[in-house]
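[1] Here's my sequence, what's the structure:
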Amino acid sequence: MFDAQMDAVFTAMNRLGYGDVAITIGESGWPSAGDPGQLGVNIEDAESYNGNLIRHVTSGNGTPLMPNRTFETYVFSLFNENLKPGPTAERNFGLFRPDFTPVYNAGVLRGGSQGGGPMPAPISAFKWCVAKGGASDESLQANIDYACSTSGIDCGPIQAGGACFLPNTVRAHANYAMNAYFQFAGRHDFDCDFDKTGVVTTANPNYVMFN
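    Numbering: from 1, shown residues only. Model (predicted):
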């Protein structure tokens, strides 16, 4: 797909009479974390995409229409943006965390393996907020209402027809909304309090069913 896009630009420029213009990739990247239920958004896929991108554009192989070339490429982005509003993925495109620790090695670390691979991360990098067992539906609905009324929190996925609408239970929707707020607010433990009805977990709720 990358080669096809590059060669499409080359073909268009060539038809306009500018076939010798250097082509630069202004922005390309992959998020290393996302909201519950968001597929293909994890450290392994981010490392695979960015690592392969860097190896490809620096290999000198070029593309079918531009062989034996390298391409100036800008990876989006250098740092995760923990204060950026919006979905979790929007804050996790970086190769590094805001505290300068690497999220993973895409092959750009000095003295590191050029093969890439996930980097050891502090446990705080893998935290989610979910509803405590025994919390009442009334309390959890209040948590949903609060989280979803916060500017910057997108609760569209738990609305009818949304990607995370099913299972259609107050607890499942509360897990989404509470975690969305927790991630948005900065992943501090106190951001998951919700009047003592929330709990921070290091078990990814994408793969664990909380009852």
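[2] List the contacts of K132.
    By C-beta atoms under 8 Å, 6 or more residues apart in numbering, K132 lies in contact with 196-199. Every C-beta, even on glycine, is put in place using the N, C-alpha and C of the backbone.
[3] and the chain, what are its domains?
    With domains defined by automatic domain parsing, the chain comprises 2-118, 127-201.
[4] Any idea which of those has the lowest pLDDT on average?
    Ranked by mean pLDDT, the domains of the chain bottom out at domain 2-118, which scores a mean of 87.
[5] ok, which stretches of this structure are strands?
    Taking DSSP state E to define them, one finds strands in the chain at 25-28, 73-75, 104-105, 117-118, 128-131, 198-201.
[6] Including distance to V57, could the ones you listed go into a markdown table?
    Below are the strands of the chain laid out as a markdown table (distance: least, C-beta to C-beta, whole Å):
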| stretch | distance to V57 |
| --- | --- |
| strand 25-28 | 7 |
| strand 73-75 | 5 |
| strand 104-105 | 17 |
| strand 117-118 | 19 |
| strand 128-131 | 34 |
| strand 198-201 | 38 |
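[7] Of all those strands, which one is nearest L65?
    strand 25-28 (15.6 Å; C-beta to C-beta).
[8] List every C-alpha atom in the closest one, with coordinates, as PDB.
    Taking Å, rounded to 0.1, in the frame of the first residue of the first chain, the C-alpha atoms of strand 25-28 are listed here in PDB:
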ATOM      1  CA  ILE A  25       6.400  11.600   3.600                       C
ATOM      2  CA  GLY A  26       5.200  14.400   5.800                       C
ATOM      3  CA  GLU A  27       3.400  12.200   8.400                       C
ATOM      4  CA  SER A  28       2.900   8.500   9.000                       C
END
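[9] Could you give me the buried positions within that strand?
    By neighbour count with 16 or more other C-beta atoms under 10 Å, strand 25-28 contains the buried residues I25.
[10] Now do it: which elements does it pack against?
    With contacts taken as 3 or more C-beta pairs under 8 Å, 6 or more residues apart in numbering; DSSP states H and E, strand 25-28 sits against strand 73-75.
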